[in-house]
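Q: sequence plus the predicted model coming up.
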Amino acid sequence: MKKDIHPDYQPVVFRDKAGDFAFPTRSTATSQERITWEDGRSYPVIDVEVSSASHPFYTGKGRVVDTAGRVERFRRRYGG
C-alpha cells in the first residue's frame, strides 16, 4: 500500500436521533461536531437518518403497502 494516500481511519460515534440510539465504531467519515462518550473521551459524531433502532423492518412497525390497488389502478389507466 502507498503511504499517505488513504483517509484517516479513526473512532467516531454514529447517532440516530429518531431512534435515540448511538454507537461507537471506526470510520473514515469525520465531523466538526463532537460528543463525549461513556468512557469520558470526546469523539466526532455523525448523525444518521435511519438505523436498526428506527428502521420499520427491525422495529416491527412496518406498513403494508397496497400493491394490489396500485396494479388495478395501473390496469384501469392503461387498459391492461
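A: Thanks, I have the structure now. Since we're looking at a predicted model, the values are computed, not measured.

Q: so which helix or strand takes in residue 57?
A: Residue 57 belongs to helix 56-59 when assigned by DSSP states H and E.

Q: per-residue confidence averaged over that helix?
A: Mean pLDDT, helix 56-59: 67.

Q: and after that helix, which helix or strand comes next?
A: helix 67-78.

Q: return that following helix as PDB; C-alpha atoms alone will do.
A: Extracted C-alpha coordinates of helix 67-78, given in PDB (Å, rounded to 0.1, in the frame of the first residue of the first chain):
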ATOM      1  CA  THR A  67     -49.800  -3.200  -4.100                       C
ATOM      2  CA  ALA A  68     -52.900  -4.800  -5.400                       C
ATOM      3  CA  GLY A  69     -54.700  -1.400  -5.500                       C
ATOM      4  CA  ARG A  70     -51.800   0.100  -7.400                       C
ATOM      5  CA  VAL A  71     -51.800  -2.700 -10.000                       C
ATOM      6  CA  GLU A  72     -55.600  -2.400 -10.600                       C
ATOM      7  CA  ARG A  73     -55.300   1.400 -10.900                       C
ATOM      8  CA  PHE A  74     -52.400   0.900 -13.500                       C
ATOM      9  CA  ARG A  75     -54.600  -1.600 -15.500                       C
ATOM     10  CA  ARG A  76     -57.600   0.800 -15.500                       C
ATOM     11  CA  ARG A  77     -55.500   3.700 -16.500                       C
ATOM     12  CA  TYR A  78     -53.500   2.000 -19.300                       C
END
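
Q: that one: how far from the chain's middle?
A: Put simply, helix 67-78 sits 33 Å off its chain's centre (CA atoms, centre = their mean, to the nearest Å).

Q: stretch 19-27 too?
A: Between the mean C-alpha location of stretch 19-27 and the chain-wide mean there is a distance of 10 Å, by CA atoms, centre = their mean.

Q: ok, now how distant is the residue nearest the centre of the chain from residue 6?
A: Nearest to the geometric centre of the chain sits residue 50, at 3.7 Å (CA atoms, centre = their mean). Note on residue 50: its distance to residue 6, by CB to CB, to the nearest Å, is 28 Å. Bear in mind the C-beta positions are built from the backbone N, C-alpha and C, glycine included.
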